[in-house]
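Q: I would like the atomic coordinates for the input below:
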Amino acid sequence: MTVALTPLTLTAISAASDLIIALYPAFIIWQLKITKRLKTGLSVLMGLGCLSAVCAVFKITTLPLISNTSDPTCNSTQSTTYRRAY
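A: Residues are numbered from 1 along each chain as shown. Modelled structure (predicted):
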């Protein structure tokens, strides 16, 4: 059981770090002396990194499905869906 726990833990850490890295620059951008339109545009572009966090969460939900089967290739079609987003 601990073998399946390690990928879940690593994926959760990856999702959290993706979210922090995507959202943190928005706080810095809002302190700059530029137009509000440019601030909004830059924040949206930097926030697109949240998509990788969404993919990581999807991976967390599909990993137990793969690890609890005797034939991992049979149930791996759902988990390959998140790879297409990269």
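
Q: So which residues of the chain form helices?
A: In the chain, the segments counted as helices under DSSP state H are 2-29, 36-47, 50-67.

Q: Any chance of the ones you listed in TSV with mean neighbour count and mean pLDDT as columns?
A: The way it works is simple: take the backbone N, C-alpha and C, and place the C-beta from them, glycine included. Below are the helices of the chain laid out as TSV (neighbours: other Cβ atoms under 10 Å; pLDDT from 0 to 100):
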stretch	mean neighbour count	mean pLDDT
helix 2-29	13	78
helix 36-47	13	88
helix 50-67	16	75
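
Q: Please name the nearest non-neighbouring residue to L42.
A: I29 (5.0 Å; Cβ to Cβ, 6 or more residues apart in numbering).

Q: list the contacts for that neighbour?
A: By Cβ atoms under 8 Å, 6 or more residues apart in numbering, the contact set of I29 is K39, L42, S43, M46.

Q: quick one: which of the residues you listed is nearest A22?
A: M46 (6.3 Å; Cβ to Cβ).

Q: sorry, back to before: of the contacts of I29, closest to T11?
A: Nearest to T11 among the contacts of I29, with distances taken as Cβ to Cβ, is M46, at 22.2 Å.

Q: Chain neighbours aside, what residue packs nearest to the closest one?
A: P25 (4.5 Å).
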